[in-house]
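Peer 1: Could you look at this predicted model? Sequence included:
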Amino acid sequence: MTESTDVALPQQAKPIATRQGMWTSGTGDTSGYGGIVRAVALPAGSEPPFGSWYDAAIARLEELVPGAVGKAVFDRGELTIYIPREKLVDAVKALRDDSQLRFECCMSVSGVHYPELAGAELHVVYHLQSMTHNRRLRLEVAAPESDPHVPSVVATYPAADWHEREAWDMFGIIFDSHPHLTRILMPDDWVGHPQRKDYPLGGIPIEFKGAVVPPVDERRSYR
Amino acid sequence: MSQTTAAEPDYDLYAASGDPEATAYTAAGPGDFDAIAKAQAERGDEILVINMGPQHPSTHGVLRLMVECDGETVLSVRPGIGFLHTGIEKNMEYRTWNQGTAFVTRCDYVAPIFNEAAYCFAVERLLGIEDQIPQRAKDIRVLFMELCRIASHLVAVGTGGMEIGALTVMTIGFREREMILDFFEAVTGLRMNHAYFRPGGVANDLPDDGIAQLRDVIKWLESHLPEYAAFCNENPIFKGRMCGIAYQDLTACMALGVTGPILRAAGYGWDLRKQQPYCGYEDYDFEVVTWDTCDAYGRFRVRLAEMWESLKIVKQAADRLEASYGQPVMVADEKIGSPSDLVVGPDGQGNSFDHVKHIMSQSMEGLIHHFKKVSEGFRVPAGQAYVPIESPKGEIGCHVVSDGGAKPWRVHLRDPGFNHLQSAPLQCEGGMLADIVVALGSIDPVMGGVDR
């Protein structure tokens, strides 16, 4: 991992996508709404304090690993903590080992690609489970496409092994110090990372009774 | 640096961004079968390298295992997956929210209802309509999930038995499962891959004779479920193959994020239906089953007892559905409740005759709304949600991200089989070659869900 520490975390005002019109681009927009331009941002969530155990847990994590809590978002009953990637390893170790936090299991790791989020295009989302306290927590880490490195949490959560391999395979996120970061779902010699937004879905035009139906990702559809 | 030629670039194609200094991450390097075999040839010892699968009957689909053996003792096991990867998650990003259920249901095809449930619950959380789901829809969902749990456990117990030579357990297991699938077919039109749960409720209500048919299924299961205990529980061959095999204790379960019957067979009664109730499970009376042997036999006994607990829930749901006959099964919001008015006819599922009559000859607006619902669907406010539920195999979770559009931005299914297969080496290494099959059967992975 390179030493750049100023990975931009998503701000409320920063749109993840800008949409024009009603239909997918490249198709003539006859809907009458072709001029509408809308910026889409992920919700900022409610204002702290969030109540329940959430505030204490955030404060405890910040106390154990200063600088770990980049931002905390509480939305739809789920708490997300955005963590700068250089703090991730210490943060998950604290989250697992501290008796007040005690998130024993990392249930899921998934990548998300936001191509319009300059400097933080690739996100890794971890879902932690505390069985001791019966709590759930989401961690989110961002990395730019030009430097897609995120430290691996396998040393703390062995269960994340295959999940991180999948995120590498599908999104090209490199998990530093992962024990064996290889493709897991795609063939070994596959080129590219299929679940990135700029990777086409594929498919061929289908001719049906003389008319040609384009493949799904080239078809006009509502966005 | 060597000269770059068109045929052979001087950097590794698979290294990040074509950077010659970057580390290449390929399984074709260390770790693949060729490398294992070559290393063995160089050592010249008696270690056998066996490639088990992907087309092996006891790998539950297309799982490949690279096994190193010293005689009959397993030295190492490396699972290779991805042979059934169908790009379901990617495909869903190009379809409407409603069409998503038809994709997720094809993941874990032995327990399709749970894929649909996790996805629909996540979409409902994003829509903020979790409180508006009608009670009858919730009860139908519980009924379907529990019947599906029994069907999935029957496959796990049946195929697990078949692989160690207890063929009868498989034949009777599929007999019982067929009764459940017949009921599913009567309600949804399909035996599997139902796409029956939709965001907001379920696609259609039970048919008029649905409860009567359900009572028959319950009666059938009550009279036939005891056979498994009679055949297996004290069967010396069965116990000889299962007891003490595929040992995984609580510590290992915690480290590897293992849930479901494997965790409960290690003595920890963790069940999301009790711990984090959803879909009204808190109103049902049932017990969480545990066993304390941490082995394949314990997992078998947990599954067996869970079928009875599920049957208890099915009976309670049947009583409630009898009482709530005629109440809505889809959220009241007309914008979300689509496609409208589906029924199962003699030729499969489709729009009801009354609905077609209404939109074709009575209401122009009705036709427009129908068209918009089917072609455009509904929009989901931007945000993300992760909803975990208790599938027969453990925690299945759905992570859904929306950008506020008519299609999902990202859908990720956390399948228990994908996670649990990581513990196959831990359960198998140091044991006997033949016990790999027992261990796999007790993990109960379904490759459709593992590879998605």
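Peer 2: Right, received. Where do you want to start? Treat the numbers as computed from the prediction; the structure is a model and nothing was measured.
Peer 1: from chain A, which residue is nearest to chain B?
Peer 2: Of all residues in chain A, the one sitting closest to chain B is residue A:159 (3.2 Å; C-beta to the nearest C-beta). (C-beta placed from N, C-alpha, C; glycine too.)
Peer 1: There's contact between that residue and residue A:108 in this structure, I believe.
Peer 2: No. Between residue A:159 and residue A:108 there is no contact under C-beta atoms under 8 Å: 9.2 Å.
Peer 1: which of those two has more neighbours?
Peer 2: Legend: neighbour count by other C-beta atoms under 10 Å in any protein chain shown for residue A:159 and residue A:108, higher for residue A:108 (28 against 25).
Peer 1: how about the nearest residue to that one, chain neighbours excluded?
Peer 2: Nearest non-adjacent residue to residue A:108, counting by C-beta to C-beta, 6 or more residues apart in numbering or on different chains: residue B:414, 3.7 Å away.
Peer 1: Equivalent analysis for residue B:403, please.
Peer 2: residue B:409 (4.3 Å).
Peer 1: Over to residue B:292?
Peer 2: Closest residue to residue B:292 apart from its sequence neighbours, by C-beta to C-beta, 6+ apart: residue B:267 at 4.4 Å.
Peer 1: again, but for residue B:143
Peer 2: residue B:317 is the one closest to residue B:143 (C-beta to C-beta, 6+ apart), at 3.9 Å.
Peer 1: Report the closest residue of the stretch 101-250 of chain B relative to chain A.
Peer 2: Closest point on the stretch 101-250 of chain B to chain A, by C-beta to the nearest C-beta, is residue B:125, at 5.5 Å.
Peer 1: Go ahead and confirm that residue touches residue A:77.
Peer 2: Yes. At 7.5 Å, residue B:125 and residue A:77 qualify as touching, with contact defined as C-beta under 8 Å.
Peer 1: Which of the two has more residues huddled nearby?
Peer 2: residue B:125 (22 against 10).
Peer 1: quick one: contacts for that one?
Peer 2: A:76, A:77, B:385, B:387 (C-beta atoms under 8 Å, 6 or more residues apart in numbering or on different chains).
Peer 1: Count the residues that sit near the last one.
Peer 2: In this case it means residue B:387. Counted with other C-beta under 10 Å, the neighbours of residue B:387 add up to 24.
Peer 1: ok, what's across the strand from it?
Peer 2: residue B:398 (DSSP bridges).
Peer 1: Please list all residues in contact with residue B:269.
Peer 2: Counting by C-beta under 8 Å, 6+ apart, residue B:269 has contacts B:288, B:289, B:290.
Peer 1: go on, residue A:76?
Peer 2: Applying C-beta under 8 Å, 6+ apart, the residues contacting residue A:76 are B:125, B:126, B:128, B:383, B:385.
Peer 1: Contacts only, for the spatially closest residue to the fourth one that is not a sequence neighbour.
Peer 2: Counting by C-beta to C-beta, 6+ apart, the nearest residue to residue B:383 once its immediate chain neighbours are dropped is residue A:43, at 4.8 Å. In this structure, residue A:43 makes contact with A:73, A:75, B:381, B:382, B:383, judged by C-beta under 8 Å, 6+ apart.
Peer 1: show me where pLDDT drops low in chain A?
Peer 2: A:1-14, A:25-28 (pLDDT under 70).
Peer 1: need the strands for it, in chain order.
Peer 2: Taking DSSP state E, the strands of chain A run over residues A:17-20, A:37-40, A:71-75, A:78-82, A:105-113, A:122-130, A:135-143, A:149-151, A:174-176, A:206-208, A:211-213.
Peer 1: thinking again about what came up before, what about the residue nearest to residue B:143, which helix or strand?
Peer 2: Here residue B:317 sits within helix B:296-323, counting by DSSP states H and E.
Peer 1: Give me the helices and strands touching that helix, please.
Peer 2: Packing contacts for helix B:296-323, counted by 3 or more C-beta pairs under 8 Å, 6 or more residues apart in numbering or on different chains; DSSP states H and E, involve helix B:135-163, helix B:210-224, helix B:236-242, helix B:261-265, helix B:435-443.
Peer 1: So which elements touch the next helix or strand after it?
Peer 2: Next helix or strand after helix B:296-323 toward the C-terminus (DSSP H and E): strand B:342-345. Contacts defined by 3+ C-beta pairs under 8 Å, 6+ apart place strand B:342-345 against helix B:167-188, strand B:348-351.
Peer 1: ok, back up a step: isn't the residue nearest to residue B:292 up against residue B:291?
Peer 2: Yes. Taking C-beta under 8 Å as the definition, residue B:267 is a contact partner of residue B:291 at 7.2 Å.
Peer 1: who has more neighbours, those two?
Peer 2: Between residue B:267 and residue B:291, counted using other C-beta under 10 Å, the more crowded position is residue B:291 (20 against 15).
Peer 1: How about that one, nearest residue that isn't a chain neighbour?
Peer 2: Residue B:291 sits nearest to residue B:298 (C-beta to C-beta, 6+ apart), 3.7 Å away.
Peer 1: wait, that neighbour sits on residue B:289?
Peer 2: No. Under the criterion of C-beta under 8 Å, residue B:298 makes no contact with residue B:289, lying 10.3 Å away.
Peer 1: tell me the contacts of residue B:377?
Peer 2: A:222, B:96, B:97, B:98, B:99, B:338, B:406.
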